[in-house]
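Peer 1: Sequence and computational prediction follow.
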Amino acid sequence: MDTEQLKLTSAEIGSLWGEYVNGTAVDIINRYMYSIIEDDAIKAVFNDALKTFEQQKKQIKTFLEKEGFPVPIGFNETDLYLGKKRLFSDAFCLNYLHVMTLHGLLGHSTALCISVRKDLRDFYDSCDNDAKKMYHQTVELLLEKGLFQRDPLYYPYEHPESISSNDFKDGFFGKGRTLAATEIISISLNLKKSILSKTLSIAFSQVAQSKEVRKFLTESEQTADNQIRAFAKILQADNLPVPKSLETEVTTSTDSPFSDKLLLYHMGFLFQAAQTYHGAGLAGSMRTDLVATYEATILQNLMLTKNWFKIMVNNKWLEQPPLAPNRTEIAKKK
């Protein structure tokens, strides 16, 4: 069977649609950052990111058009106001690209796992390779400039040990044990992402034009800050370091380089994407206090994204993804 003659499934169309909308949003941010970056090495990495997405964007459009689906509007030049005052430092721009590359790696891997047609699998293979290359580039550059924040270091045991007591899962009372290395994985990732979200919320709230959007961004900043404090407290209880904040990498500019639609969409995307990492952290936690922290964090994000959805819909800023046929409505029209 020629797999390239197969029609794309609903899941495959959904992944392409999501890649296009999310990709164009991040691309607008990257284009602005490229315009203000002064460091030649950082600028070169952003140039690679822009060229890579431009190729991916063309291929996604081709896939959708061949299947007869309209290409999403996504985000474009109307959402970008070049020539505005600098909002971010070069260091923040590089950190932003690094974290968004992590999101890309997860997104491409998920899309590959639901793809059947060979040309689509080849496309996501290529996207995954591009993201891996960008990951290596951002890590190397962050290390070179002394900006990469490594996870806490543990010291080796003499020999493997077995869990010998139910107290292993106790994180509330006196018998609670220290954090396992397997639990640090999600704590570290979630902290770094929350720090980025808080910093963007601060920056975006300075430049947003709508009072309603500014209010939401202030709420998102507070939500991210609460989550940072919750996870930081757990690390500090074991005398482990907490990643430093990035707020000082935001200037005092109130001159917006982006549309309010983009500002709001991007923050909603970050909090929704974070749910995947919070869920993974919850599933991998064996301490009761960690479980409770992740549950509270997930609930906070759900409440925030509920408000986000309402604002996006009221302003007609949220595109509708392809829907399954409504057989009842079709029958009524006959």
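Peer 2: Yep, that arrived.

Peer 1: Could you export the least confident helix or strand in the chain by mean pLDDT as PDB, CA atoms only?
Peer 2: Counting by mean pLDDT, DSSP states H and E, the weakest-scoring helix or strand in the chain turns out to be helix 327-333, with a mean of 78. The C-alpha trace of helix 327-333 is given here as PDB (Å, rounded to 0.1, in the frame of the first residue of the first chain):
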ATOM      1  CA  ARG A 327     -24.600  14.300  11.900                       C
ATOM      2  CA  THR A 328     -27.700  15.600  13.600                       C
ATOM      3  CA  GLU A 329     -27.400  19.000  12.000                       C
ATOM      4  CA  ILE A 330     -26.600  17.500   8.600                       C
ATOM      5  CA  ALA A 331     -29.800  15.400   8.800                       C
ATOM      6  CA  LYS A 332     -31.800  18.500   9.700                       C
ATOM      7  CA  LYS A 333     -30.600  20.300   6.500                       C
END
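
Peer 1: Flag every buried residue along it.
Peer 2: Of the residues in helix 327-333, none count as buried by neighbour count, 16 or more other CB atoms under 10 Å. All C-beta spots, glycine's among them, are computed from the backbone N, C-alpha and C.

Peer 1: Just give me how far that helix sits from the chain centre.
Peer 2: Centroid separation for helix 327-333 versus its chain: 39 Å, with CA atoms, centre = their mean, to the nearest Å.

Peer 1: Show me what that helix is packed up against.
Peer 2: Where contact means 3 or more CB pairs under 8 Å, 6 or more residues apart in numbering; DSSP states H and E, helix 327-333 is not packed against any helix or strand.

Peer 1: State the distance from Ile28 to Thr52.
Peer 2: With the distance defined as CB to CB, to the nearest Å, Ile28 ends up 15 Å from Thr52.

Peer 1: Looking at these two, which has the bigger crowd around it?
Peer 2: With neighbours defined as other CB atoms under 10 Å, Ile28 and Thr52 compare such that Ile28 has more, 22 against 18.

Peer 1: give the contact list for that one.
Peer 2: Residues in contact with Ile28 (CB atoms under 8 Å, 6 or more residues apart in numbering) are 75-76, 79-80, 258, 262.

Peer 1: ok, now with 7 Å
Peer 2: 75, 79-80, 258, 262 (CB atoms under 7 Å, 6 or more residues apart in numbering).

Peer 1: So, low pLDDT: which residues of the stretch 151-300 of the chain?
Peer 2: Within the stretch 151-300 of the chain, the segments meeting pLDDT under 70 span 164-176.

Peer 1: If we use 90, what do you get?
Peer 2: For the stretch 151-300 of the chain, applying pLDDT under 90 flags the ranges 151-181, 237-238, 276-277, 284-289.

Peer 1: Any chance of the contacts of Ile28 in TSV with neighbour count and distance to Leu304 as columns?
Peer 2: Below are those laid out as TSV (neighbours: other CB atoms under 10 Å; distance: CB to CB, whole Å):
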residue	neighbour count	distance to Leu304
Phe75	24	21
Asp79	20	22
Leu80	18	25
Phe258	25	20
Leu262	23	18
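
Peer 1: Show me those residues that map onto strands.
Peer 2: The strands, defined by DSSP state E, take in nothing from the contacts of Ile28.

Peer 1: What is the most widely separated pair among those residues?
Peer 2: The most widely separated members of those, counting by CB to CB, are Phe75 and Phe258 (9.0 Å).

Peer 1: Quick check: buried residues in stretch 91-107?
Peer 2: By neighbour count on 16+ other CB under 10 Å, the buried set for stretch 91-107 is 91-105, 107.

Peer 1: Many thanks, we can stop here.
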